[in-house]
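Colleague: Got a predicted structure here, sequence first:
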Amino acid sequence: MNGRPLAIMGVGLVGGFGVGKQAVLEALAKGGAPNETVTVETPSGPRRLPAYQADVAAVRPFISAGDWRRMNRFGKLAVLGASLALQDAGCKAPLNHNHLGLIVASGYGASKSTFDFLDSMLEDDGRCPSPTLFSNSVASSAASHLSIVLQSGGPSLTVSQFEMSPLSALLTASTWLAEGRVQAVLFGVVDELCPVLSYSYERFFGEQTSGPIEPFHWDKQTAVMGEGAAFLLLAPGEGGAAAYGWIDQLLWTRSDRWAAPADAALVLGADGHRCCADAYRRLAGDHAQLTAYSPLYGSLPGGHAFDVAISALAAQAGRGPNRVWPIKCDAEGNCGVISCRFDRAPDAKSSYL
Amino acid sequence: MDIARKLKEVIVEDLNLEEVTPDEIRDDAPLFGEGLGLDSLDAVELVVVVKRHFGVEIKDMTEGREAFASIQALTGFIEEHLQG
Amino acid sequence: MTHASKAIPITGLGCLCAAGGTVPEVAKTLFAGQRNVQYRSVGERRYPVFQLAPQDAPPRYFEGAECERCGRLAVAAAREALTHAGLTQQALVGRTVGVCIGTTVGSAMNNEAFYRHFREGRMPGIEPIRRYLRTNPASMVARAFDLSGPCQTIVNACSSGSVAIGHAAEWIRAGVCDVAIAGGADMLCNVIHAGFLSLLITDSEACRPFDRRRQGLNLGEGAGIVVMESESSVRRRGAVVQARLCGYGNACDAFHISAPEPTGRGLKRAIDLALAEAGLDCGDIDFINAHGTATPENDRVEGRLFPELFAEVPFSSTKGFTGHTLGAAGGIEAVITVVCLQRKQIVGNIGFEEPDPEFPGRPAAENTPVRGRYGLSDSVAFGGNNAVLVLGGADA
């Protein structure tokens, strides 16, 4: 679809595995697992469900006291992931310029903040809804917080397209760079858990929420809720070196109309949801090289960005192939492909910022 | 009810002010800009705080501007509207 | 002179809002200076809003689930735009059609009844969640017309509709698709209304953009959609070009999550970027469709900036006719801007009577003839994102 490669210059991750690259690599070595449990009320009493939960405390050094008090958790996840990616690329905030594009993609969106605002609406007989909670419930609040923390006046975008959010957002990252709108794009996914989500998981899947995630067990429902943020700093790919490598193809297709090249190393976004399993089964076909990283970070709609980021880290650490095809499917038959090659120049720093 | 005391407590609590205690807030210190350093979003949140905890309504920010000059000013405003 | 290679043809328009159920109806209402203000209860009080007349609403708009409304609005406007473009379902078969829709309510899981039961511990059924998962507005448009190209639901708050049009044009230039359906759709929603009320930026009367006495915004609902195509697609099928998107600029204030930066630096940058992309300067712009929400802060920024940058260029806000339709605003106003280019006339700024002495100029209070070469439409989002479209007449 779009032929120009995107150089991956920095990676930032936070999730159930912990914070940052080292935490991801440790989880990769040991195998991932849920790190928390949440209690959900059911008609037959409380149930404890496993979950991959992120800790946002690590964002504190990146933001002022005023930002810490004002920002919702969704915003903190975004700022943490983004700040780690910038740090990884050797860039320091505040940027004080307009050459960077900001893109936040989310499947769940700022749902927790929406429910927090609804709480303030429903308490006190509806007389006292909170304007601060409302401001934070606006879906683009994370991107706003990010632009303020980074002092970045370039364009920003917030995308809400469930499982296809990362691919959709990357199509725009790619056109922004191709058209010279920006010199680099800080792109990421944020998904946040909340009590309504846990409740929904239990109601949808009942006993089939105990985990662990078995991504290749096509006939079982094994998803375990996850949350976190995965950010990439991207620059135009022609010419220069890339710290991790390149995204070289973005493809929006249908899972019943596309097949990966015969010897491709597939990174399937399979995360234990039965509704997408048949699509993944078909795409997996006879491919010998199949990986799924969801057991490291959980089941979340923005997983495609996590898969790209983790693939980059794995390749850099010599624990993953240099040429991979991360694929994500949704329950409507859409299929997103973000193919990557990781011929590394690990000391390459972003000269764009 | 010691209105000034309660005001300081609910401001710290509801505006999420982690770096100051109610006792540290002076009655005559400005709430906005210098002093507590609150901003325009805190101002509209303060309208809700006053309504929620004292049942007193501030109709708009023109009315709010004077009342929000300091804890002392806001205490006076609340007292006046509780009596009226 | 336009950078001809960048301009993207617009071949179809669709719109529905409080001013009417189709583009011709909306145009008629606006140019007649006719305002359809309704009142809606939020809590114990009633507030002016701009809601769809029942006869203008899409099928099942009121009877179906609330969470489907934004998608239904987008589909209805898209249908009008595709028909206008002469693109039948058959003509779209086998083509890669991109869908970019801006919204606010359409992506929010804010079902009040469900959440009320949930927080009361009543363990509600999850059909509302299932429905929410099926009602992503861009996906609804794609399903309605059996499209399999890329989708993007944009939730940039009040700039979303303009951003959607800008991004769809980028996709066409990059070859991601060669036809795109783009714009915005948003419904009136109790929860969002309560939020804006809590910010004290609404007016208890019909809004007064740029007026000295303005108090704030009124909310509205609707959708505005354009169909855009590559030049080669236009040539191949002999389509009629309605207008061109000549330039798009996007920039952030990086200032505050709810207040606009008072000097308008982000808006100015977005204007400069859009003009540069179009290969134009301020003197080439014949008129401006302002964001003009009627809040004291927003209108202060635009009311100072427009006369400073665009001396003698008429500007007006049409939100006195539509209300602030949030994610739909940029789409609706892009459609209105194209209509104004075609009629060589801009709509008077209804609700304006008394000029604000702080502003060096004033909006066009009456319908005003203009040269129909280039119009500019800006959308300023909550949280500081600024999106600007430069639209050119069919011959631009």
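Modeller: Cool, got the structure. The model shown is predicted, which means the values in this text are computed figures rather than measured ones.
Colleague: Return the list of helices and strands in contact with the helix or strand of chain A with the lowest mean pLDDT.
Modeller: In chain A, the helix or strand scored least confidently by mean pLDDT, DSSP states H and E is helix A:65-70, which has a mean of 92. Under the contact definition 3 or more C-beta pairs under 8 Å, 6 or more residues apart in numbering or on different chains; DSSP states H and E, helix A:65-70 sits against helix A:141-150. For glycine as for every other residue, the C-beta is placed from the backbone atoms N, C-alpha and C.
Colleague: How about residues contacting the least confident helix or strand of chain A?
Modeller: Residues from elsewhere that reach helix A:65-70, judged by C-beta atoms under 8 Å, 6 or more residues apart in numbering or on different chains: A:59-60, A:76, A:79, A:132, A:145, A:148-149, B:15-19, B:37, B:41, C:257.
Colleague: pretty sure A:Pro326 belongs to a strand, no?
Modeller: Yes - judged by DSSP: H, G, I helix; E, B strand; the rest coil, A:Pro326 forms part of a strand.
Colleague: how deep is it tucked in, by neighbour count?
Modeller: 28 (other C-beta atoms under 10 Å in any protein chain shown).
Colleague: One more: C:Thr88?
Modeller: For C:Thr88, using other C-beta under 10 Å, the count is 10.
Colleague: That one and chain A: what is the separation?
Modeller: 22 Å (C-beta to the nearest C-beta, to the nearest Å).
Colleague: what's the distance between that residue and chain B?
Modeller: 49 Å.
Colleague: Skipping its backbone neighbours, what lies nearest that residue in space?
Modeller: Nearest in space to C:Thr88, with sequence neighbours left out and distances taken as C-beta to C-beta, 6 or more residues apart in numbering or on different chains, is C:Leu82 at 7.8 Å.
Colleague: and the one you found, that's in a strand?
Modeller: No - using three-state DSSP, the secondary structure at C:Leu82 is helix, not a strand.
Colleague: mind checking how far the residue lying closest to A:Ala265 once chain neighbours are set aside is from chain C?
Modeller: Excluding the flanking residues, the one nearest A:Ala265 by C-beta to C-beta, 6+ apart is A:Gln289, at 3.8 Å. A:Gln289 sits 27 Å away from chain C, going by C-beta to the nearest C-beta.
Colleague: Now do the contacts for the residue nearest to C:Thr88.
Modeller: Here C:Leu82 is in contact with C:12, C:14, C:88, C:92, C:145, C:181, C:227 (C-beta under 8 Å, 6+ apart).
Colleague: Can you say which of those residues are buried?
Modeller: C:12, C:14, C:92, C:145, C:181, C:227 (16 or more other C-beta atoms under 10 Å in any protein chain shown).
Colleague: From chain A, how far off is the fifth one?
Modeller: Look at C:Ile181 and chain A: by C-beta to the nearest C-beta, they are 14 Å apart.
Colleague: per-residue confidence at that residue?
Modeller: Predicted confidence (pLDDT) for C:Ile181: 98.
Colleague: before we move on, what about the fourth one?
Modeller: On pLDDT, C:Phe145 comes in at 97.
Colleague: quick one: stretch C:103-113 to chain centroid distance?
Modeller: 18 Å (C-alpha atoms, centre = their mean, to the nearest Å).
Colleague: Tell me if I'm right that A:His287 and A:Val267 touch.
Modeller: No - with contact defined as C-beta atoms under 8 Å, A:His287 and A:Val267 do not form a contacting pair (10.9 Å).
Colleague: Of these two, which one has the most company?
Modeller: Between A:His287 and A:Val267, counting by other C-beta under 10 Å, A:Val267 is the more crowded of the two (27 against 17).
Colleague: would you say that one is within a strand?
Modeller: Yes - membership of A:Val267 in a strand is supported by three-state DSSP.
Colleague: Could you list everything it pairs with in the sheet?
Modeller: Beta-bridge pairing of A:Val267 under DSSP bridges involves A:Thr291, A:Pro326.
Colleague: could you pull out the strands for the stretch 251-353 of chain A?
Modeller: Assigned by DSSP state E, counting those that start in this stretch, the strands in the stretch 251-353 of chain A fall at A:265-268, A:290-291, A:323-329, A:334-341.
Colleague: taking those together, which one is wrapped up most tightly?
Modeller: Scoring the strands of the stretch 251-353 of chain A by mean neighbour count under mean count of other C-beta atoms under 10 Å in any protein chain shown gives strand A:323-329 as the most buried, with a mean of 26.
Colleague: For C:Leu92, see how far away the residue nearest to C:Thr88 is.
Modeller: Look at C:Leu82 and C:Leu92: by C-beta to C-beta, to the nearest Å, they are 8 Å apart.
Colleague: shared neighbours of the two, anything?
Modeller: Counting by C-beta under 8 Å, 6+ apart, the residues touching both C:Leu82 and C:Leu92 are C:Phe145.
Colleague: Give me the neighbour count for residue 9.
Modeller: Going with chain A. For A:Met9, using other C-beta under 10 Å, the count is 28.
Colleague: not quite, I wanted chain C
Modeller: Neighbours of C:Pro9 under the rule other C-beta under 10 Å: 24.
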